[in-house]
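Chemist: Quick one, structure for this:
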Amino acid sequence: MIEVERVNGQKLYLNPDTIKIIEVTPDTVVTFTDGDKILLRTKPDDIIERIAQFRRRVGLVLTK
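Modeler: Prediction:
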């Protein structure tokens, strides 16, 4: 799970395996594989880095 922040400041945790699209608008819109969307304050680059850290932590990153 990765920690993100809603636009109202509320923190929550997302399963990165369910993220389909991350869009950049004035805020960040995350679309999940089931079509649900959530509006976040967390920047897309931060989300991507947190996903990479999560995958490293659980050993899911392929090494070259």
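
Chemist: Any idea what the residue lying closest to Leu40 once chain neighbours are set aside is bridged to?
Modeler: Among residues not flanking Leu40 along the chain, Thr28 sits closest, at 4.4 Å (CB to CB, 6 or more residues apart in numbering). All C-beta spots, glycine's among them, are computed from the backbone N, C-alpha and C. Here Thr28 sits in beta bridges with Val24, Leu40, going by DSSP bridges.

Chemist: Thr28 and Met1: what is the separation?
Modeler: For Thr28, the distance to Met1 (CB to CB, to the nearest Å) stands at 17 Å.

Chemist: what does Ala52 give?
Modeler: Look at Ala52 and Met1: by CB to CB, they are 14 Å apart.

Chemist: between the two, who's got more neighbours?
Modeler: Ala52 (14 against 11; other CB atoms under 10 Å).

Chemist: State the three-state secondary structure for that one.
Modeler: Secondary structure assignment for Ala52 (DSSP: H, G, I helix; E, B strand; the rest coil): helix.

Chemist: where does this protein have low pLDDT?
Modeler: 60-64 (pLDDT under 70).

Chemist: Pick out the residue nearest the middle of it.
Modeler: Central residue of the chain (CA atoms, centre = their mean): Ile47, 4.3 Å from the mean position.

Chemist: What is the burial count for the nearest residue to that residue once chain neighbours are set aside?
Modeler: Excluding the flanking residues, the one nearest Ile47 by CB to CB, 6+ apart is Ile22, at 5.9 Å. Close neighbours of Ile22, defined as other CB under 10 Å, add up to 17.

Chemist: Packing partners of the helix or strand harbouring Ile22?
Modeler: Per DSSP states H and E: Ile22 is located in strand 19-24. Packing contacts for strand 19-24, counted by 3 or more CB pairs under 8 Å, 6 or more residues apart in numbering; DSSP states H and E, involve strand 28-32, helix 44-58.
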